[in-house]
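Peer 1: One predicted model, sequence on top.
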Amino acid sequence: MRILHTSDWHLGRQFHGQGMLGHQAAFIDHLIETVTERAVDLVVIAGDVYDRALPPVDAVALADDAFARLAATGARVVLTSGNHDSARRLGFNARLADAAGFHLRTSLDGVGVPVLLEDAHGPVAVYGIPYLEPDQVKRAWSLGARSHQAALTEAMNRIRSDLAGRPGARSVVLAHAFVVGSRGPAPGSPEPSDSERDIAVGGVSAVPASVFDGIDYVALGHLHGRHTLTESVRYSGSPLAYSFSEAGHRKGCWLIDLAASDLQAEFIDAPVPRRLARLTGAIDDLLDDPAHAEVEDAWLQITLTDPIRPARAMARLQDRFEHLVALHFAQPPTERSSVRRLEGRSDHAIALDFVADVRGEPASPVESELLRDACEACAADPDADVVVGA
């Protein structure tokens, strides 16, 4: 059976204020082409279809188009909800969708109830585990502990109980969680990116991969970087980069050939509509260095190292780097005294100290007068410069 594993579409998400819907639509086109050209039998989507529980209408329209086109390919589809999705909204019309071969598994009641498929090697049971919020699951399933591991362990107990009555069936499980190697986090274990929502409970979010022992293939979602925990337990990652911490990620989907007793995996790269890059340096060097021409068309994050913050830095840099979307300033090491005494000092004097501390040089005479005007405009008596504590 040929399986295409994808997750974390985050439809409707923006990137530093830049719309991503066109890029997401290009990925959907690529996904449909892959399903058709590679004769995929089963598409598994492991959560976070949307970026938020109430997605914008254009994101819902794109999802509707994607689902209809996937159903039209003839491949079966199993989709679960992630921590960004509203499980109830995403799972609307699940029973009707089943008739079209598009299986929405977003309810706790469906854990342990498989989608059954068949190929030349026999039956395949596909189980969808939606994102399991520990508090909700602890109450619903009367668990003794409140944790992601307890929730997923119980979900897998229900799945194994069903599998026990299906001798010879191969198994596929979808789950949306932070899963690490069986011995816990180690070098090479998956790491969160800046665009993932923290799901820790009591400071603990990780679940060991051993929870899924005995399953033929586990399609994971939540982490945005692709990762192979074991040959049969993998993250596909998000199809697009959603933070600069993902600049080095390779984005795409896993193509899995599940045979009678083994599997073969191939990573299918997704299109990169605009790559990400990061630069660090002084503003004049960044503007003049011809070596930076190669990132002029990239979405860019720049960290300036100038000891004094340059005026109009963003506008000047965007003259060369049109797609600069994030600008940071490295903080030079400075000797800072404890907070100066405020009582008895004017608002104007305090504002001048603030400018000098933040920028590394005092305000100019013109800036000083502007600050004085601003302080006086905020005073109860516009003719008086307020003195703190007076």
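Peer 2: The structure has been received and is ready for your questions.

Peer 1: Tell me which other helices or strands the helix or strand harbouring Arg95 touches.
Peer 2: Applying DSSP states H and E as the criterion places Arg95 in helix 94-98. For helix 94-98, the elements it packs on are strand 102-105, judged by 3 or more C-beta pairs under 8 Å, 6 or more residues apart in numbering; DSSP states H and E. For every residue, glycine as well, the C-beta is placed using N, CA and C.

Peer 1: What residues sit buried inside the strand it packs on?
Peer 2: By neighbour count on 16 or more other C-beta atoms under 10 Å, the buried set for strand 102-105 is Phe102, His103, Leu104, Arg105.

Peer 1: hmm, who's touching stretch 270-277?
Peer 2: Stretch 270-277 is touched from outside by 22-23, 26-27, 30, 239-241, 244, 246-247, 251-253, 295, 297-301, 323, with contacts defined as C-beta atoms under 8 Å, 6 or more residues apart in numbering.

Peer 1: Report the buried residues of it.
Peer 2: The neighbour-count check on stretch 270-277 (16+ other C-beta under 10 Å) flags Ala270, Val272, Arg274, Leu276, Ala277 as buried.

Peer 1: and it, average pLDDT?
Peer 2: The pLDDT scores in stretch 270-277 average 94.

Peer 1: Mind listing residues that contact the helix holding Arg95?
Peer 2: So helix 94-98 is contacted by Phe67, His103, Leu104, Arg105, Thr106, Ser107 (C-beta under 8 Å, 6+ apart).

Peer 1: Tell me the helix or strand right after the lowest-mean-pLDDT helix or strand in the chain.
Peer 2: Ranking every helix and strand in the chain by mean pLDDT, DSSP states H and E puts helix 347-359 at the bottom, with a mean of 84. For helix 347-359, the following helix or strand on the C-terminal side (DSSP H and E) is helix 365-378.

Peer 1: Report the inter-axis angle for that next one versus helix 347-359.
Peer 2: Counting by axes from the mean of the first three to the mean of the last three C-alpha atoms, to 10 degrees, helix 365-378 lies at 130 degrees to helix 347-359.

Peer 1: Quick one: distance of helix 365-378 to the chain centre.
Peer 2: Between the centre of helix 365-378 and the centre of its chain there are 43 Å (C-alpha atoms, centre = their mean, to the nearest Å).

Peer 1: So for it, what gets flagged as buried?
Peer 2: Under 16+ other C-beta under 10 Å, the buried positions of helix 365-378 are Leu371, Arg372, Cys375, Glu376.

Peer 1: That one - what's its average pLDDT?
Peer 2: Mean pLDDT, helix 365-378: 89.
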